[in-house]
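Engineer: Fold the stuff below for me.
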Amino acid sequence: MNKPAIGLVFAIAVLAAAVSLRGTKDEGGSAAKKAPTAPDSHLSDRRSPESVLAISPAVRTVRAVAKPPQRSPLMEEYASKQNRKALYDRLSSLPTRTAEETYVLAEILNTCRHAVAYRGEPVDGIIAAEKNRALAGISPKDPMRDRRIAAFDSMYAGNAVCKGFRDVPITKEGIHELMSAAAQAGDPKAQARLIELDIWAPAAKFENDPVQMVRHENLPMMSESQLATLQQLVATNDPAVLMVAARLFGSTMGDVQIQAGPDERAVDVRAFYDAWLLAACDAGAECGPTNETILGGCFAMANCEAGNLRDYLFFYMNSPQQSQLVAEYQAQVQRAIQARDWGYFTFRRGPPAVGSMAMRPPP
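Structural biologist: Numbering: from 1, shown residues only. Below is the predicted model of the structure:
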């Protein structure tokens, strides 16, 4: 090939390379000028994990919650924890009782069934000694000291509820008989409690042996009829019924696994329990500053900033991931309560999920 031809071929090759490089550069420049890719729609309202560093339970969020159902005067009196012995004397002396009166009588006896164990004991002195030991463990420099002491006093103020019951004969059999009578007479609170008592009855012999209680063969069992009845009772939106549901659905059953969502993933038992607690709060359960969980956390761990149980659970008790699960579960629990729609949850017969273990016996 002569030199002019070689030069021509070389020139064409250089020109092609230049055009190619220019095209690449232009394309890169064009790409740089394009708007950034929009984030996934499901992440558009999310924040990074570090946002938890800027939250505080002292910041209150106003939530729109439907007005809870009105409680009867008797339930208001019972919830006040005032003059419980006088209430017991009045109800126990009635020649005939309504279903709710029988239920309240059973709950009073159940609450105070341990009072007989302190017969002859100076309970006030025991509490005072316990308080002195507690105070010795709280530094004078602790900014929460006064609030922790106040929480302790509020917690133990409840002991006055059972004053006067030391000489009252109380048996589990008698409590069950009263609860059964109230359930048969149509009280939904008693019906739910009776289911709970019956489910846990076989495990009663292990109440002082938690190691045996959590063995698979000793786990509580829930029959289909008990499950169906409890689901029906939940629709009453009675806070006492919802608290029973919280304890039962928040416990590991030996014969049923609860799954959530279209992928039927086993529920986080702790988060599921908290979701039912918050549903009970919205239905009128005591979930403000005097809630026992809040008082206990304030006294024991100086977790005193939350003014309600919802904030306490989200901030102090659960990880951010679990708090999101609690909110997800609660939304579906409310559908089950209000619309009787349990479609989000699957109750699959079989052994419990791996790693799932929570035991919440009845009070």
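
Engineer: buried set for stretch 255-270?
Structural biologist: The neighbour-count check on stretch 255-270 (16 or more other CB atoms under 10 Å) flags Val256, Gln257, Ile258, Ala260, Ala266, Val267, Asp268, Val269, Arg270 as buried. C-beta: built from backbone N, CA, C; applies to glycine.

Engineer: what does the model give the closest residue in space to Ala358 that isn't next to it in sequence for pLDDT?
Structural biologist: In space, and not counting its chain neighbours, Ala358 is closest to Val269: 4.4 Å by CB to CB, 6 or more residues apart in numbering. With respect to pLDDT, Val269 scores 93.

Engineer: does Val269 really touch Thr252, like I thought?
Structural biologist: Yes. Taking contacts as CB atoms under 8 Å, Val269 lies within contact range of Thr252: 6.3 Å.

Engineer: chain center to stretch 48-62, what's the gap?
Structural biologist: What separates the centre of stretch 48-62 from the centre of its chain is 20 Å, taken as CA atoms, centre = their mean, to the nearest Å.

Engineer: what about Asn110, neighbour count?
Structural biologist: For Asn110, the count of nearby residues is 20 (other CB atoms under 10 Å).

Engineer: Could you pull up the residues touching it?
Structural biologist: Applying CB atoms under 8 Å, 6 or more residues apart in numbering to Asn110 gives the contacts Ile175, Pro363.

Engineer: how close does it sit to Ile170?
Structural biologist: Asn110 sits at a distance of 8 Å from Ile170 (criterion: CB to CB, to the nearest Å).

Engineer: tell me how far stretch 300-312 is from the chain's mean position?
Structural biologist: Centre-to-centre, stretch 300-312 and its host chain are 14 Å apart (CA atoms, centre = their mean).

Engineer: In it, which residues are buried?
Structural biologist: By 16+ other CB under 10 Å, the buried positions in stretch 300-312 come out as Ala302, Asn303, Cys304, Glu305, Ala306, Asn308, Leu309, Arg310, Asp311, Tyr312.

Engineer: Filter those residues down to the ones in helices?
Structural biologist: Counting by DSSP state H, the part of the buried residues of stretch 300-312 found in helices is Leu309, Arg310, Asp311, Tyr312.

Engineer: wait, which of those is closest to Glu196?
Structural biologist: Of all these, Glu196 sits closest to Leu309, with 20.8 Å by CB to CB.

Engineer: Look at that closest one and report its pLDDT.
Structural biologist: 96.

Engineer: Now Gln322. Nearest residue, chain neighbours left out?
Structural biologist: In this structure, Gln322 finds its nearest non-sequential neighbour in Ala271, 5.0 Å apart by CB to CB, 6+ apart.

Engineer: For stretch 230-246, buried residues please.
Structural biologist: Neighbour-count burial for stretch 230-246 [16+ other CB under 10 Å]: 230-231, 233-234, 236-246.

Engineer: what's the answer for stretch 311-330, then?
Structural biologist: Neighbour-count burial for stretch 311-330, counted by 16+ other CB under 10 Å, picks out 311-318, 322-323, 325-326, 328-330.

Engineer: Kindly check the end-to-end length of that stretch for me.
Structural biologist: 14 Å (CA to CA, to the nearest Å).

Engineer: do the same with stretch 247-257
Structural biologist: End-to-end distance for stretch 247-257, by CA to CA: 15 Å.

Engineer: who touches that stretch?
Structural biologist: Contacts for stretch 247-257 (CB under 8 Å, 6+ apart): 195-196, 199, 214, 216-222, 227, 230, 258, 266, 269-270, 272-274, 276, 347-353, 356-362.

Engineer: and those, which are buried?
Structural biologist: Buried residues within the contacts of stretch 247-257, counting neighbours by 16+ other CB under 10 Å: 195-196, 199, 219-220, 222, 227, 230, 258, 266, 269-270, 272-274, 276, 347, 352-353, 356, 359-361.

Engineer: sorry, back to before: just the ones of the contacts of stretch 247-257 in helices?
Structural biologist: Using DSSP H, the contacts of stretch 247-257 in helices are Ile195, Glu196, Ile199, Leu227, Leu230, Val269, Arg270, Phe272, Tyr273, Asp274, Trp276.

Engineer: Columns distance to Cys298 on top of the residues you listed, output as TSV?
Structural biologist: Converted to TSV, those look like this (distance: CB to CB, whole Å):
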residue	distance to Cys298
Ile195	33
Glu196	28
Ile199	32
Leu227	36
Leu230	33
Val269	25
Arg270	20
Phe272	25
Tyr273	21
Asp274	18
Trp276	23
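
Engineer: Out of the residues you listed, which comes closest to Val104?
Structural biologist: The nearest member of the ones in helices among the contacts of stretch 247-257 to Val104, counting by CB to CB, is Glu196 at 16.6 Å.
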